[in-house]
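can't give you the sequence, but here's the structure:
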């Protein structure tokens, strides 16, 4: 996973299959069926220890190999 933050608190990250049992794109434990770039706006406003606001995730790149 590669991640970076923007000055407005947005978080940008990738979701590769690294660390999964098969390390393949079709691993049953892979939550997203795409190796893409995602963003989460205003992630710095989330309280520590709370569930992530998954409804605020946006797929910004969907064709990353």
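Thanks, I have the structure now. The structure presented is a predicted model; accordingly, all values stated were derived computationally and were not measured.

going forward, measure contacts between C-alpha atoms and count neighbours the same way
Noted.

quick check: most distant residue from the centroid of the chain.
No residue in the chain sits farther from the centre than residue 22, which is 19.1 Å out by CA atoms, centre = their mean.

pLDDT score assigned to that one?
If you check residue 22, the pLDDT there is 90.

now swap in residue 46 and tell me
With respect to pLDDT, residue 46 has a value of 70.

how many neighbours does it have?
Neighbour count of residue 46, defined by other CA atoms under 10 Å: 11.

what of the one 5 residues further on?
When neighbours are defined as other CA under 10 Å, residue 51 has 8 of them.

confirm that it sits in a strand.
No. Under DSSP: H, G, I helix; E, B strand; the rest coil, residue 51 falls outside any strand and is assigned coil.

just for this structure, where's the confidence low?
1, 42-45, 52, 54-55, 64-65 (pLDDT under 70).

quick one, strands of it?
Using DSSP state E, the strands of the chain run over 3-5, 11-14, 37-40, 57-61.

nearest to residue 29, of the ones you listed?
Nearest to residue 29, of all the strands of the chain, is strand 11-14, at 16.3 Å by CA to CA.
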